[in-house]
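Chemist: The sequence and its predicted three-dimensional model are supplied below.
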Amino acid sequence: MLSKKLIGAWAFFDICLMAAGVLSLTLSFIWRRPNLLLNLTFSNLDLTSGAVLGISLLATFVLSLLVVVRRGTLGLKILNWALLLNGIIILFIGTYIWIFTLHERNNYHAVFGGQSDATKVLIQDTLKCCGYFNAADEVAFGGTTCPNQAAATALNNFCVTPITEFTDMTLNNTFSTVYGFMAIVIGLFLANMCVIKKRQEIERFEKIDSKRGGHSFI
């Protein structure tokens, strides 16, 4: 018989795994909605990766419910392999975002430069800046903030700082959360190992009991 504490620990981490999957999948869809700065921060590849992570975590949660109610340990061992796969995905996505933040100013120079002039004008009007590194760098004329080169030069406020302030905060929170999912995966992995060990002990005692003619060994 599994102890209540072990069952409770396993269930706690399993519910956390479900919550992590729901969070990842939900945000990957919400952040696709029209939002000037979030759309600048995250590419379609980033959001697709978040959706893949969410689906992977939720699929593992469903698998955990299917295997925990079955006798034996094979299903639980398969669950641990699924958790290892989740851990690899989490490590890859979190590390990719972290590495991207190390060269944020240059990375978002390319992202900003790849926007249409209409989008650049909206960004410049929203952040009250002109150009990226300077008033002549990737500047788009129009709107109220940067109607022409003279206005852009006179403003002397460039977009690199407000853009990277927002993206740095957002990306730091994102990869910290993704890495936090690793604690959930590790916790469930360890709890699952304990369940496997306990079930193996129970199976061993049941075999001993059957050889003793059905008399309980414990």
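Modeler: On my side now, so go ahead. For clarity, every value in this text was computed on a predicted model and none was experimentally measured. Numbering: from 1, shown residues only.

Chemist: contacts, neighbours, all on C-alpha from now
Modeler: Fine.

Chemist: Give me the mean pLDDT for the helix or strand hosting A19.
Modeler: Here A19, judged by DSSP states H and E, is contained in helix 4-30. In this model, helix 4-30 has a mean pLDDT of 95.

Chemist: Ok, stretch 68-82 next?
Modeler: On average, stretch 68-82 scores 91.

Chemist: Between the two ends of that stretch, how far is it?
Modeler: 14 Å (CA to CA, to the nearest Å).

Chemist: next one: it to chain centre, how far?
Modeler: 25 Å (CA atoms, centre = their mean, to the nearest Å).

Chemist: Name the surrounding residues that touch it.
Modeler: Applying CA atoms under 8 Å, 6 or more residues apart in numbering, the external contacts of stretch 68-82 come out as 60, 63-64, 67, 189, 192-193, 196, 199-200, 203.

Chemist: Can you show me the helices along this structure?
Modeler: Per DSSP state H, the chain has helices spanning 4-30, 36-41, 44-68, 74-101, 104-113, 117-127, 149-155, 160-211. These are given in chain order.

Chemist: how about the third one: buried residues?
Modeler: Within helix 44-68, the residues that count as buried by 16 or more other CA atoms under 10 Å are 47, 49-58, 60-61, 63-64, 67-68.

Chemist: Between helix 74-101 and that helix, find me the angle.
Modeler: Angle, helix 44-68 to helix 74-101, by axes from the mean of the first three to the mean of the last three CA atoms, to 10 degrees: 160 degrees.

Chemist: what about R105, how many residues close to it?
Modeler: R105 has 20 neighbouring residues, counting by other CA atoms under 10 Å.

Chemist: mind checking pLDDT for it?
Modeler: pLDDT, R105: 96.

Chemist: Against I186, how distant is it?
Modeler: R105 is 34 Å from I186, by CA to CA.

Chemist: With adjacent residues omitted, what lies nearest to the most centrally placed residue in the chain?
Modeler: Against the mean C-alpha coordinate of the chain, by CA atoms, centre = their mean, the closest residue is V178 at 3.8 Å. Sequence neighbours aside, G94 is the residue nearest to V178 in space, at 5.7 Å (criterion: CA to CA, 6 or more residues apart in numbering).

Chemist: what residue ranges in this structure score low on pLDDT?
Modeler: Within the chain, the segments meeting pLDDT under 70 span 1, 205-206, 208-209, 212-218.

Chemist: hmm, try it at 50
Modeler: By pLDDT under 50, the weakly predicted segments of the chain are 216-218.

Chemist: burial count for T145?
Modeler: Residues near T145, counting by other CA under 10 Å: 20.

Chemist: That one against L127, yeah?
Modeler: No - using CA atoms under 8 Å, T145 makes no contact with L127, being 9.1 Å away.

Chemist: quick revisit: who touches the residue nearest to V178 in this structure?
Modeler: 175-176, 178-179.

Chemist: Give the buried subset of those residues as a PyMOL selection command.
Modeler: Remark: buried members of those, expressed as a PyMOL selection using 16+ other CA under 10 Å:
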select buried, resi 175+178+179
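
Chemist: Next, format the contacts of G94 as TSV and append distance to K211.
Modeler: Below are the contacts of G94 laid out as TSV (distance: CA to CA, whole Å):
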residue	distance to K211
F175	54
S176	53
V178	50
Y179	49
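
Chemist: If anything else comes up later, I'll come back, but that's it for now.
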